[in-house]
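S.K.: Okay, sequence plus prediction incoming.
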Amino acid sequence: MYQRTPRLDRLMKYYDIANLPHGIKEDKLGDVFEYYCVELLESETLLHKAQTSTLNSHCTDDVVFELLCNQHMGRYLNYIRKISATNSIKHRITGGNPKTDVIADIELENGSLIQLPISVKQTTAPKVAMAEFDVDTIVNEIGITDPRLIELLEKHQKDASAKNFTLIEKQELKDRLNPYARAFVRWVVTGTPEPSNDLRFPEILLKFKLSKSDEILDINCFSADNYVDFIMTNSRGNRRSGGFGTGLGWTYATGSKGEKIQFKG
């Protein structure tokens, strides 16, 4: 378990997390951890500690900053002059929320600027909802052209599960989805089926595992590609068979049953 620091405690109290009802609390926790990430990235103290190898492995703030450094900033850490960050991100063309929650603007000593889009997630569940879209959007954004695959996806959407699928149909969906599987998972995770320079699509995923009492049980940080691998393969490196070969949980959200498919990872 990771101890709450004064910085995180202040944000928890500001949003009155301890007294919020279920549902509203989860939404506000999203704000808490986004602002927490922004504050950490903008901390001159943490940047100095990272550059002088004095980050404290027992301090949650330091741990998160180091995880972010290790994922992307490590190769030019000693040349960073300043980091500024924001959680104000433009909407996607589809009208949905961007997958990026925080953008870090990293200014180097030579005056160049590197922008790092980050997804910040927190959950008490083994898997967190990553995307929810209708089949038409899925097909268009991933570039699926197989008419039978589209038909099977539409059936899953209409039934809100694979409960009415025969064993042959389940295998057929898995087989026909296979050529698109990695692009499919990357799209669910980042909003784009392939790497993009669009800042609305994150390069880094920072994930906080919380207890029911909102204590931090675990913290993980992945590159987009590493997170796709994490979802699609097991601890032995073998492809997962669940989620029709994607490793994702296929479900639906309250209020959109029969109209959209929700994916968890």
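M.R.: Sure thing, it's come through.

S.K.: partner strands of the top strand by length along the chain, parallel or antiparallel?
M.R.: With DSSP state E setting the assignment, residue counts place strand 113-123 as the longest strand in the chain. In the sheet, strand 113-123 lines up against strand 102-108 (antiparallel), strand 204-210 (parallel) (DSSP bridges).

S.K.: which helices and strands sit right next to the helix or strand just after the last one?
M.R.: Using DSSP states H and E, the helix or strand that follows strand 204-210 in sequence is strand 216-223. Counting by 3 or more CB pairs under 8 Å, 6 or more residues apart in numbering; DSSP states H and E, the packing neighbours recorded for strand 216-223 are helix 60-68, strand 204-210. Placement of C-beta: from N, CA and C, glycine included.

S.K.: between these, which gets nearest to Lys264?
M.R.: For the helices and strands packed on strand 216-223, distance to Lys264 was read as CB to CB. The smallest value, 12.7 Å, belongs to strand 204-210.

S.K.: Show me where this structure has its strands.
M.R.: Secondary structure of the chain, counting by DSSP E: strands at 80-86, 102-108, 113-123, 129-133, 204-210, 216-223, 249-251, 261-264.

S.K.: how about those strands, which one is nearest Met1?
M.R.: Nearest to Met1 among the strands of the chain is strand 216-223; the distance by CB to CB comes to 5.8 Å.

S.K.: What residues of the closest one count as buried?
M.R.: Of the residues in strand 216-223, those buried by neighbour count under the rule 16 or more other CB atoms under 10 Å are Ile216, Cys221, Phe222.

S.K.: try stretch 163-177
M.R.: By neighbour count with 16+ other CB under 10 Å, stretch 163-177 contains the buried residues Phe165, Glu169, Glu172, Leu173, Lys174, Arg176, Leu177.

S.K.: do the same with stretch 48-57
M.R.: When burial is assessed from 16+ other CB under 10 Å, stretch 48-57 yields the following buried residues: Lys49, Ala50, Leu55.

S.K.: then stretch 16-24 to CSV, C-alphas only?
M.R.: As requested, the backbone C-alpha atoms of stretch 16-24 are provided in CSV (Å, rounded to 0.1, in the frame of the first residue of the first chain):
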residue,chain,number,x,y,z
ASP,A,16,-14.7,15.8,-0.4
ILE,A,17,-14.1,12.3,-1.6
ALA,A,18,-14.7,10.6,1.7
ASN,A,19,-18.3,11.9,1.9
LEU,A,20,-19.4,11.4,-1.8
PRO,A,21,-21.9,8.7,-2.8
HIS,A,22,-21.0,5.8,-5.1
GLY,A,23,-21.0,6.9,-8.7
ILE,A,24,-20.3,10.6,-8.1
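
S.K.: Number the residues from 15 up from this point.
M.R.: Yep, numbering from 15; the last one is stretch 30-38 now.

S.K.: who's in contact with it?
M.R.: Judged by CB atoms under 8 Å, 6 or more residues apart in numbering, the contacts made with stretch 30-38 from elsewhere in the structure are Met26, Lys39, Lys42, Leu43, Val46, Asp228.

S.K.: ok, now stretch 223-242?
M.R.: Stretch 223-242 is touched from outside by 15-16, 18, 26, 31-32, 43, 74, 77-78, 81-82, 84-86, 136-138, 196, 199-200, 203-204, 209, 216-222, 244, 279, with contacts defined as CB under 8 Å, 6+ apart.

S.K.: Pull out the buried members of those.
M.R.: Members of the contacts of stretch 223-242 that pass the buried threshold by neighbour count (16+ other CB under 10 Å) are listed as 16, 18, 26, 31, 43, 74, 77-78, 82, 85-86, 136, 196, 199-200, 203-204, 216-222, 244, 279.

S.K.: thinking Leu213 is in contact with Gln129, fair?
M.R.: Yes. Leu213 sits in contact with Gln129 when judged by CB atoms under 8 Å, with a separation of 5.9 Å.
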